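A.B. asks: need coordinates for the following:
(2 chains)
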Amino acid sequence: MNRTTKLVVILLLVVAAVCSLYIFRASTQTSAQQLQIYQHGTLIQTIDLAHVQEAYTIELKGENGAYNTISIESGRVCISHASCPDQVCVHQGWISDSTLPIVCLPNEVILEITGGGADLDTIAG
Amino acid sequence: MKPVFILPVLTMGLLTGCVTTQTPSASSQIFAMDTVMSLEVYGDGAQAALDNAVSTIYHLEDLWDVTEEDSEVSAINQSQGQPVPISPETATLLDQSKGLSQLTDGALDLTAYFAVSAWGFTTGDYRVPSQSELDALKTQIDYTQLSLNLEEQTATLPDGMRLDFGSVAKGDLGAILSEQLQNQGITSALLYLGGNVQTIGSKPDGSLWRVGIQDPSDPEQAALGVVEVSQKAVVTSGSYQRYFEENGETYWHILDPETAAPARSGLTSVTVIGENGTICDGLSTALFVMGLEDGISFWKQHPELDLDIIWVEESGNVTITSGLETTFQLTEAQSDREVTVIAP
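C.D. replies: Residues are numbered from 1 along each chain as shown, chains lettered A, B, ... in the order given. Here you go, the predicted model:
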């Protein structure tokens, strides 16, 4: 092998290593955060939270004037206003991973995030 | 030169080729028993097993809902001292609960429903009963007055007393679902039953389930710690779960059967980890009522129960039993807390 061939081989090996590392990391990383919105037990919307460009809100209407205002930002979600008496869902604030979903029990609304790399499977309490 | 060009492709293939085969799974979120439940079932037959689990939940909710007129618990409550026929599920639950009441010298008592509703914990119309009202209420709490006839499958409760399954229902549901799922060949599932956690086997990849324990001082945010389990129930009773404030005082839903008032034992939460959800649920309530010192003695006196316990005090200090020394750890944000390990 002459000098040029050696250089090419080394260069290609480096490229191969970098490529592999990149692909390997991408494949082991948890998938992007997906927000699932459930109302009365039915999945009504899925949002790719990681790719939200601009913050926006969703108004979720229920029976007898019940409502939940869902605020969506890049990588996180919260319920900013709700008609429920206890306001537990509003007080919970922002969530960005799967550890603890936001639940509005009176209005039967669940906001759940999958992906996003939380290291817990669930939470007791 | 040709082999050199193949090299990068080969290397990439080797490193990314270790894709595991996907385990079939099914999951569901439902509202039942006045709370939210989330079920994840893995393995062959996951969907059918999940569907059966959901029917079981609704069936038991119908039996055990104290606010429903035609539930079994309401039938017992309205029986005016006459024997009432009960289903095998209710008979088992009542039998086990009575056993736990005896074991804990009445720290767990299912007959506290009048007191629980006097405080408004059943409806959300909270109020502080007067001392004379509490004195009357506490005489209506006495699990020994509930009699069971397991052969004839009947329960008898004197008039003037009322049952509520709230302190054991979700734990028992976990135990029933765990058995049911395993009978259908499921070896991996995670059940979140309104704060109660029941795990079946380990995760599909064989590793342990990582269950967070809520921080009583900030329950809506990061966990206090993490416990790694397999085939276990993890159940927490905490003063933060249901409470109200009046004149600067906080009143929570875990009542001391001796006073008919919120149990002030210096604890903010007790987590019980063990194989049986009913035992874990009932004892998490009883141990909260007992307080740390009596709880530690109870644990030492009952090695046959094979339980592990996490106590969190109002001071923030954490006490764990020795079985958790390697499987429990505080989260990073909580690492400055003091953790005491109790040996048998």
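
A.B. asks: which residues does the residue in the stretch 101-250 of chain B positioned nearest to chain A bridge with?
C.D. replies: Here the stretch 101-250 of chain B gets closest to chain A at one residue, B:Gln214, 2.9 Å apart by Cβ to the nearest Cβ. Quick note: C-beta positions are derived from backbone N, CA and C, even for glycine. With DSSP bridges as the criterion, B:Gln214 is bridged to B:Ala223.

A.B. asks: surely it meets B:Ser237?
C.D. replies: No. In this structure, B:Gln214 is not within contact of B:Ser237 by Cβ atoms under 8 Å, at 11.2 Å.

A.B. asks: overlap of the contact sets of the two?
C.D. replies: Shared contacts of B:Gln214 and B:Ser237, defined by Cβ atoms under 8 Å, 6 or more residues apart in numbering or on different chains, are found at B:Ser269.

A.B. asks: ok, back up a step: count the residues that sit near the residue of the stretch 101-250 of chain B closest to chain A.
C.D. replies: By the criterion of other Cβ atoms under 10 Å in any protein chain shown, B:Gln214 has 25 neighbours.

A.B. asks: my read is B:Ala185 is in a helix, agree?
C.D. replies: Check again: residue B:185 is Gly, not Ala. No. Counting by DSSP: H, G, I helix; E, B strand; the rest coil, B:Gly185 is not part of a helix but coil.

A.B. asks: could you measure from B:Phe266 over to B:Glu293?
C.D. replies: Residue B:266: Gly, not Phe. As judged by Cβ to Cβ, to the nearest Å, B:Gly266 and B:Glu293 stand 9 Å apart.

A.B. asks: go on, B:Leu208?
C.D. replies: 31 Å.

A.B. asks: what do you get for B:Gly212?
C.D. replies: 27 Å.

A.B. asks: and B:Gly99, by the same measure?
C.D. replies: For B:Gly99, the distance to B:Glu293 - Cβ to Cβ - is 24 Å.

A.B. asks: neighbour count winner among the two?
C.D. replies: Between B:Gly99 and B:Glu293, B:Gly99 has the larger neighbour count (other Cβ under 10 Å), namely 14 against 11.

A.B. asks: what strand or helix carries that one?
C.D. replies: Under the criterion of DSSP states H and E, B:Gly99 resides in helix B:88-103.

A.B. asks: buried set for stretch B:218-225?
C.D. replies: Residues B:219, B:222-225 are the ones in stretch B:218-225 that count as buried (16 or more other Cβ atoms under 10 Å in any protein chain shown).

A.B. asks: what does stretch B:27-36 give?
C.D. replies: Result for stretch B:27-36 [16+ other Cβ under 10 Å]: buried residues B:27-33, B:35-36.

A.B. asks: ends of that stretch, how far apart?
C.D. replies: This stretch, stretch B:27-36, spans 13 Å end to end (Cα to Cα, to the nearest Å).

A.B. asks: what mean pLDDT does it get?
C.D. replies: Stretch B:27-36 shows a mean pLDDT of 89.

A.B. asks: contacting residues around it?
C.D. replies: A:38, A:40-41, A:101, A:103, A:105, A:108, A:110, A:112, B:37-41, B:50, B:54, B:57-58, B:60-61, B:64-65, B:169-170, B:173, B:193-195.

A.B. asks: what about the residues you listed, which are in helices?
C.D. replies: Applying DSSP state H to these, the entries found in helices are B:50, B:54, B:57-58, B:60-61, B:64, B:169-170, B:173.

A.B. asks: any chance of the residues you listed in CSV, with distance to chain A too?
C.D. replies: Putting the ones in helices among the contacts of stretch B:27-36 into CSV (distance: Cβ to the nearest Cβ, whole Å) gives the following:
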residue, distance to chain A
B:Leu50, 13
B:Val54, 10
B:Ile57, 12
B:Tyr58, 11
B:Leu60, 17
B:Glu61, 14
B:Trp64, 18
B:Ala169, 16
B:Lys170, 11
B:Leu173, 15
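
A.B. asks: highest neighbour count among those?
C.D. replies: Result: B:Leu173 is most packed of those (other Cβ under 10 Å), 30 neighbours.

A.B. asks: OK, contacts around that residue?
C.D. replies: B:33, B:56-57, B:60, B:193, B:196, B:277.

A.B. asks: ok, it to A:Asp86 distance?
C.D. replies: 23 Å.

A.B. asks: tell me where the stretch 151-300 of chain B has helices.
C.D. replies: In the stretch 151-300 of chain B, the helices defined using DSSP state H, counting those that start in this stretch lie at B:169-183, B:277-290, B:292-301.

A.B. asks: highest mean neighbour count out of those helices?
C.D. replies: Most buried of the helices of the stretch 151-300 of chain B, by mean neighbour count (mean count of other Cβ atoms under 10 Å in any protein chain shown): helix B:277-290, with a mean of 28.

A.B. asks: elements contacting that helix?
C.D. replies: In this structure, helix B:277-290 makes packing contacts with helix B:88-103, helix B:169-183, strand B:196-201, strand B:233-238, strand B:267-274, helix B:292-301, judged by 3 or more Cβ pairs under 8 Å, 6 or more residues apart in numbering or on different chains; DSSP states H and E.

A.B. asks: what residues does chain A have near chain B?
C.D. replies: Of all the residues in chain A, those in contact range of chain B (Cβ under 8 Å from any Cβ of the partner chain) are A:5, A:8-9, A:12-13, A:15-17, A:19-21, A:23-24, A:27, A:38, A:40-41, A:85-86, A:91-93, A:99-101, A:103, A:105, A:108, A:110, A:112, A:119-125.

A.B. asks: from the residues you listed, list the buried ones, please.
C.D. replies: Of those, these count as buried by 16+ other Cβ under 10 Å: A:16, A:19-20, A:38, A:92, A:99-101, A:103, A:105, A:108, A:110, A:112, A:120-125.

A.B. asks: for stretch B:130-141, C-alpha coordinates in CSV please.
C.D. replies: C-alpha atoms of stretch B:130-141 as CSV (Å, rounded to 0.1, in the frame of the first residue of the first chain):
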residue,chain,number,x,y,z
SER,B,130,-66.9,19.0,66.8
GLN,B,131,-65.2,17.0,69.6
SER,B,132,-68.6,15.7,70.9
GLU,B,133,-69.4,14.6,67.4
LEU,B,134,-66.0,12.8,67.1
ASP,B,135,-66.6,11.2,70.5
ALA,B,136,-69.8,9.7,69.2
LEU,B,137,-68.3,8.8,65.8
LYS,B,138,-65.4,6.8,67.4
THR,B,139,-67.9,4.5,69.2
GLN,B,140,-69.2,3.6,65.7
ILE,B,141,-65.8,2.3,64.6
